[in-house]
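>>> Give me coordinates for this.
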Amino acid sequence: MGRTALIAGVSGIVGNNLAQHLVSEGWEVAGLARRPPADLPGITPVAADLLDPASLASALTDLRPSHVFITTWLRQETEAENIRVNGAMVRNLLDALRPNGGVEHVALVTGLKHYLGPFEAYGKGTLPETPFRESQGRLDVENFYYAQEDAVFAAAARDGFGWSVHRPHTIIGYALGNAMNMGVTLATYATLCRETGRPFRFPGSAAQWNGLTDVTDARILARQLAWAATTPAARNEAFNIVNGDVFRWSWMWGRIAEWFGIEAAPFDGAPQPLEQQMDGAAQLWSEIAARETLKESDLGRLASAWHTDADLGRPIEVVTDMSKSRRLGFLDYQASDDSFFDLFTRLRAERIIP
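Numbers count the residues shown, from 1 in each chain. As a prediction, the model looks like this:
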């Protein structure tokens, strides 16, 4: 097909799964990160810092990708810093690729904070009605997702490539050392509860426990990214991407507990954040890892309790409409309980959890 991809953020949950999918479809793939993994079959590792233009220029000298996928970001202390840093990362990458030419399409992965607001104003103020639809405009608030989009739009107008923006909900998939990884976080939490006999308590809000929600399997996101990059009708469009089903955590929590062979504790309506429940568990995890010969003994590289707490603690129902991409031909579906179970099965097979 002659399709060559550059994935910025190949070590993350999105980039990792996207790389595997593109390779399986016959793409030539280069994976960029500050410390790109060297064990991804079929991936050419590219070591560079998106905040260092000189590093990028040197690393990308011999690359001429037809498709660029931006799947990374860096969390900062304030939203103003998020905007400055993450906008610069996108601009630096596209500026570094410009001299070689050849870019046909740039895909940017953001998320539902497009509709919910940034960390500093998350789920507050006047929000769009659910289900979220791509036709709903930007919130009247500073948001680093908007800065990333604007950087892509400006470069596309300058250089003539097409673009797509992809807005997943909470992403479920295999990746280690990732800052936003609910699936692995819940797997470690369930393991700790089983080990100690502590109740497997839902950490979030009554709104999330009782309301409808959805999630995004990293594999279905990868397939939508590849579809949009190669479908003329998807050029210069933004797309929501979720699995296609909806569920309530009051149902899913019991399903997850059953997979781990534990009982789900009754929900009493009071949030009990994972950051509190898992505080001080690092030593216990290290002991479990030694006893069970697990690959990762550092709980901090597996669990991102703060992010899972943010998702499960929201005071509003969050569901996402998928009609736009379906009308254009993207019809993939993924059962959300299987997203969790497939991940847990792989984590066990890879000796990440016992």
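
>>> Buried residues of the strand or helix carrying Phe341, list them for me.
Phe341 belongs to helix 336-349 when assigned by DSSP states H and E. Buried residues in helix 336-349, defined by neighbour count with 16 or more other CB atoms under 10 Å: 336-337, 339-340, 342-344, 347. Placement of C-beta: from N, CA and C, glycine included.

>>> can you tell me which two in these are farthest apart?
Farthest-apart pair in the buried residues of helix 336-349 is Ser336 and Leu347; separation 17.0 Å (CB to CB).

>>> what's around Ser135, how many residues?
For Ser135, the count of nearby residues is 10 (other CB atoms under 10 Å).

>>> Three-state assignment for it, please.
Secondary structure, DSSP: H, G, I helix; E, B strand; the rest coil: Ser135 is coil.

>>> so how far is Val141 from it?
19 Å (CB to CB, to the nearest Å).

>>> Would you state the helices of the stretch 201-350 of the chain in chain order?
For the stretch 201-350 of the chain, helices defined by DSSP state H, counting those that start in this stretch occupy the ranges 206-210, 218-230, 249-259, 274-277, 282-292, 305-312, 323-327, 336-349.

>>> related to what we said a few turns ago, can you give the contact residues for the helix holding Phe341?
By CB atoms under 8 Å, 6 or more residues apart in numbering, the residues outside helix 336-349 that reach it are 172-174, 183-184, 186-187, 214-215, 217, 243, 245, 247, 252, 255-256, 259-260, 353-354.

>>> ok, of these, which come out buried?
172-174, 183-184, 186-187, 214-215, 217, 243, 247, 252, 256, 260, 353.

>>> if I look at Glu134, how far off is Ala234?
Taken as CB to CB, the span from Glu134 to Ala234 is 12 Å.

>>> Need the max-distance pair from the buried ones among the contacts of helix 336-349.
Distance extremes for the buried ones among the contacts of helix 336-349: the farthest pair is Asp214 and Ile353 at 24.6 Å, using CB to CB.

>>> Heading C-terminal from the helix or strand encompassing Arg158, find the next helix or strand.
Using DSSP H and E, Arg158 sits within helix 144-159. Moving toward the C-terminus from helix 144-159, the next helix or strand (DSSP H and E) is strand 162-168.

>>> I'd like the distance between the residue nearest to Arg201 when sequence neighbours are not counted and Ala190.
Leaving aside its chain neighbours, Arg201 sits nearest to Ala265 (4.6 Å; criterion: CB to CB, 6 or more residues apart in numbering). According to CB to CB, Ala265 and Ala190 sit 12 Å apart.

>>> Look at those two and report which has more neighbours.
Ala190 (20 against 15).

>>> Surely that one forms part of a helix?
Yes. Assessed by three-state DSSP, Ala190 belongs to a helix.

>>> Phe200 is in contact with that one, correct?
Yes. Proximity of Ala190 to Phe200 meets the contact threshold set by CB atoms under 8 Å, at 6.1 Å.

>>> Now do the shared contacts for these two.
Joint contacts of Ala190 and Phe200 (CB under 8 Å, 6+ apart) are 257, 260, 262.

>>> Can I get these in JSON lines including distance to Gly280 and pLDDT?
Shown next, in JSON lines, are these (distance: CB to CB, whole Å; pLDDT from 0 to 100):
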{"residue": "Ala257", "distance to Gly280": "22", "pLDDT": "98"}
{"residue": "Phe260", "distance to Gly280": "21", "pLDDT": "98"}
{"residue": "Ile262", "distance to Gly280": "20", "pLDDT": "97"}
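
>>> Just the closest of those residues to Thr4, please.
Looking at the shared contacts of Ala190 and Phe200 and their distance to Thr4, the nearest is Phe260, at 41.6 Å (CB to CB).

>>> Which residue, neighbours along the chain excluded, lies closest to that closest one?
Ala190 is the one closest to Phe260 (CB to CB, 6+ apart), at 4.2 Å.

>>> Please name the residues that touch the one you found.
By CB under 8 Å, 6+ apart, the residues touching Ala190 are 200, 256-257, 259-260, 262.

>>> Could you check how far it is from Ala228?
Applying CB to CB to Ala190 and Ala228 gives a distance of 35 Å.

>>> So for the residue nearest to Phe260, what's the pLDDT?
As predicted, Ala190 sits at a pLDDT of 98.

>>> Asp52: what's it in contact with?
With CB under 8 Å, 6+ apart, Asp52 has these contacts: Asn92.

>>> now it: how far from Ala30?
For Asp52, the distance to Ala30 (CB to CB) stands at 18 Å.

>>> what does Pro271 give?
Taking CB to CB, one finds Pro271 at 43 Å from Ala30.

>>> Can you pick out the residue with more neighbours from those two?
Neighbour totals were compared for Pro271 and Ala30, and Ala30 leads with 22 against 18 (other CB under 10 Å).

>>> part of a helix, is that one?
No. Counting by three-state DSSP, Ala30 is not part of a helix but strand.

>>> sorry, back to before: deepest in the core, which of the helices of the stretch 201-350 of the chain is it.
Scoring the helices of the stretch 201-350 of the chain by mean neighbour count under mean count of other CB atoms under 10 Å gives helix 218-230 as the most buried, with a mean of 23.

>>> Now do it, average pLDDT.
Here helix 218-230 scores 98 as its mean pLDDT.

>>> Just name whatever secondary elements that helix is in contact with.
Other helices and strands packing on helix 218-230, by 3 or more CB pairs under 8 Å, 6 or more residues apart in numbering; DSSP states H and E, are helix 13-24, strand 67-70, strand 105-109, strand 162-168, strand 171-172, strand 237-241, helix 323-327.
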